[in-house]
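Participant: coordinates for the following, if possible.
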Amino acid sequence: MDFDNFQDDPRDYAMQLIEEEHTTEKNLLLACVKFMSHDQIRDMLEWNELSPDWIDSAYGEEEISNEEKYACDLYNERYCFAYAD
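Facilitator: I've put the predicted structure just below:
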């Protein structure tokens, strides 16, 4: 692991931890959510279109397939990194 990367780009370092199997996505998510304040979590969910308002307007009452949900999750992951800087 690269200490300079940890200092200069901690987001990349965190992703590297997963890629190199030092932790799992779930464990890293839990660490982030436990560390963040309620306001930070709400903001993150809102920015990534995962708040109840976004979910309700995107999906409505109609049922969507797992493939559509997966595609939406992939889009939201890219969206998050595009706007996080």
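Participant: phi first, then psi, for residue 48.
Facilitator: phi -100, psi 20 (degrees, to the nearest 10).
Participant: and it, how far is that from residue 3?
Facilitator: 29 Å (CB to CB, to the nearest Å). C-beta coordinates here come from the backbone N, C-alpha and C atoms, glycine included.
Participant: next, count neighbours for residue 10.
Facilitator: Other residues near residue 10 come to 10 when the count uses other CB atoms under 10 Å.
Participant: check what pLDDT it gets.
Facilitator: Per-residue pLDDT puts residue 10 at 94.
Participant: check residue 27 too.
Facilitator: 96.
Participant: how about residue 32?
Facilitator: pLDDT, read off for residue 32, is 95.
Participant: cool, residue 56 as well?
Facilitator: The model reports residue 56 with a pLDDT of 81.
Participant: these two touch, right, residue 25 and residue 17?
Facilitator: No. Using CB atoms under 8 Å, residue 25 makes no contact with residue 17, being 10.0 Å away.
Participant: on that earlier part again, more crowded one of residue 48 and residue 3?
Facilitator: Neighbour totals were compared for residue 48 and residue 3, and residue 48 leads with 18 against 8 (other CB under 10 Å).
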